[in-house]
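Sequence and computational prediction follow.
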Amino acid sequence: MSKFWSPEVRELTPYVPGEQPRERLIKLNTNENPYPPAPGVEQALRDYPLDHLRLYPDPEAAALREALADEFGVETEQVFVGNGSDEVLALSFQTFFRQDKPLTMPAITYSFYPVYCRLYGIDYRTIALDDRWRIPLQALDGESGGVVFANPNAPTGHGHGRRAIAELLERVSDCVVLVDEAYVDFGGETAIPLIQHHSNLLVTGTFSKSRSLAGLRLGYAVGSRELIEGLERVKNSFNSYPIDSLAIVAGVAALRDREHFDACRERIISTREQTRRRLETLGFEVLPSQTNFLLVRHGQQDAGQLFTGLRERGILVRHFNTEALHDFLRITIGTDDEMDSLVEALEAICH
Ligand code: PMP
């Protein structure tokens, strides 16, 4: 606490990201991709003329937005880009959710959402998950200043199909519905095609997970022109150049390599399902997942102790110290070798 902080800053409770350890650990705690980015990314960075770093980047990041528009079959004016989807989310909360009515979100979802609410003074209410840890979309209604959820949800892993999102949008048309698709490429179904008929739908995504570029910080939003224009207004009142020149060329190169993208995500999905079976054999309950992580709990073993036991064996996973999740560990899907080490370590700890 400092007397120099504005009163609002004293009230903040910042988000705490998963640890980025300095020592070499098997890192299964922040849902990064275990495989390298597309080879074209390296080439694009090597080819970039260093002298151009003297200049500011394109404030519109047009090349990247065009590549994303191509990828999703939409117009460039329906695409917004930001410095990681966290930034896109923050700008979205500010642009759309500072309303008289409270924002609605699931009780268990990406824990950054309540942090943005506190930052911007947004009231929110939460909807409990159902008994299978799914978001009950039918409980979300239009009496809100907005609706936000991750689909597939984090850290639970369940995703609703496009049809369920379409049904939600039939009922909720007076406020923005923000669907955070950070994990959609690992088995979910994107809602992006629905933006053509629903001007209140905003879908966000990231290069951090399925494109192996968490360190580059690239995220995006796809929605109607009016939503994107709103985001641009706020962005241009805050930082004209959130995407640096290297991120623009690297992002475009990543989007070009469909083969690499498909190969990596298929490997991750297959490793995930194999890991699920092995953990179940060890007595874990493993929630169904359409993401690159598994949320698991063991009837007899304390999650905190499992976390510590794994850490002592050089394996880092995520343990959320919240009431709803303290029995669980969230385990990112790594390479097959990494998952072998994880299963062996858990075997040793459990026996
Ligand atoms: N949404 C969800 C649901 C996430 O789990 C994350 C990653 N922590 C993000 C958004 C943000 O990812 P990034 O800023 O790397 O795009």
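Now that the structure is in, tell me what you want to look at.

Surely Ala62 touches Thr76?
Yes: distance between Ala62 and Thr76: 7.0 Å, which falls inside the contact criterion (C-beta atoms under 8 Å). Any C-beta I mention is one placed from the backbone N, CA and C, and that applies to glycine too.

more neighbours, the two?
Thr76 (16 against 12; other C-beta atoms under 10 Å).

what's the more buried one sitting at in phi/psi?
phi -60, psi -30 (degrees, to the nearest 10).

repeat for the one 5 residues further on
Main-chain torsions, Val81, degrees, to the nearest 10: phi -130, psi 150.

On the three-state scheme, Lys209 is what?
Put simply, Lys209 is coil when judged by DSSP: H, G, I helix; E, B strand; the rest coil.

what's the answer for the one 3 residues further on, then?
In terms of secondary structure, Ser212 is coil; the call rests on three-state DSSP.

Let me know the pLDDT of it.
You'll see Ser212 listed with a pLDDT of 98.

what do you get for Gly142?
For Gly142, the pLDDT comes out at 68.

Just the element for Arg330, please.
strand 328-332 (DSSP states H and E).

check whether that strand contacts the ligand.
No: shown here: strand 328-332 not in contact with the ligand (C-beta under 6 Å from any ligand atom), separated by at least 10.0 Å.

who does that strand touch, helix- and strand-wise?
With contacts taken as 3 or more C-beta pairs under 8 Å, 6 or more residues apart in numbering; DSSP states H and E, strand 328-332 sits against strand 293-298, helix 303-312.

quick one, which of those is nearest to the ligand?
For the ligand, the closest of the helices and strands packed on strand 328-332 is strand 293-298, at 8.9 Å, according to C-beta to the nearest ligand atom.

ok, and what's touching that closest one?
Where contact means C-beta atoms under 8 Å, 6 or more residues apart in numbering, the residues beyond strand 293-298 that reach it are 31, 133, 154-157, 183, 272, 275-276, 279, 282-287, 289, 303, 306, 325, 327-333, 350.

6 Å instead, please
By C-beta atoms under 6 Å, 6 or more residues apart in numbering, the residues outside strand 293-298 that reach it are 31, 155-157, 279, 283-287, 327-332.

Just the buried subset of these, written out for PyMOL, thanks.
To isolate the buried members of these in PyMOL, using 16 or more other C-beta atoms under 10 Å:
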select buried, resi 31+155+156+157+279+284+286+287+327+328+329+330+331+332
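
between the contacts of strand 293-298, which is nearest Ala107?
Taking C-beta to C-beta as the measure, Ala107 lies nearest Thr156 of the contacts of strand 293-298, at 10.8 Å.

does the closest one really touch Arg134, like I thought?
No: with contact defined as C-beta atoms under 6 Å, Thr156 does not reach Arg134; the gap is 7.7 Å.

Tell me how many other residues surround the residue nearest to His52 when sequence neighbours are not counted.
Leaving out its chain neighbours, the residue that sits closest to His52 by C-beta to C-beta, 6 or more residues apart in numbering is Ser245, at 6.1 Å. Around Ser245 there are 17 other residues, counting by other C-beta under 10 Å.

residue contacts, His260?
So His260 contacts Ala38 (C-beta under 6 Å, 6+ apart).

run the last query once more with 10 Å
Shown in contact with His260 (C-beta atoms under 10 Å, 6 or more residues apart in numbering): Tyr35, Pro36, Pro37, Ala38, Pro39, Gly40, Val41, Arg211, Ser212, Ala254.

Assign the second one to helix, strand or coil.
So the one you mean is Pro36. Classified using three-state DSSP, Pro36 is coil.

Tell me where the chain has strands.
Assigned by DSSP state E, the strands in the chain fall at 26-27, 79-82, 103-106, 124-127, 146-150, 177-180, 201-206, 219-223, 284-286, 293-298, 315-316, 328-332.

Give the pairing partners of the third one; include direction for each.
If you go by DSSP bridges, strand 103-106 pairs up with strand 124-127 (parallel), strand 146-150 (parallel).

and those as TSV, adding distance to Arg311, mean neighbour count and mean pLDDT?
As requested, the strands paired with strand 103-106 are exported to TSV (distance: least, C-beta to C-beta, whole Å; neighbours: other C-beta atoms under 10 Å; pLDDT from 0 to 100):
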stretch	distance to Arg311	mean neighbour count	mean pLDDT
strand 124-127	31	17	97
strand 146-150	26	26	98
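
Around the ligand, pick out the residues from the chain.
Gly84, Ser85, Asp86, Tyr110, Ala150, Ala154, Asp180, Ala182, Thr206, Ser208, Ala214, Gly219.

The same query, at a cut-off of 5 Å, please.
Gly84, Ser85, Asp86, Tyr110, Ala150, Ala154, Asp180, Ala182, Thr206, Ser208, Gly219 (C-beta under 5 Å from any ligand atom).

if we take those, which one ends up nearest to Phe96?
Distances from Phe96 to these, taken by C-beta to C-beta, are shortest for Asp180, at 13.2 Å.

how about the spatially closest residue to the closest one that is not a sequence neighbour, what does it touch?
What sits nearest to Asp180 in space, not counting adjacent residues and going by C-beta to C-beta, 6+ apart, is Ala150, at 4.2 Å. Contact analysis of Ala150 by C-beta under 10 Å, 6+ apart lists 89, 105-106, 108-110, 112-113, 135, 156, 159, 178-184, 188, 204, 291.

All set now, cheers.
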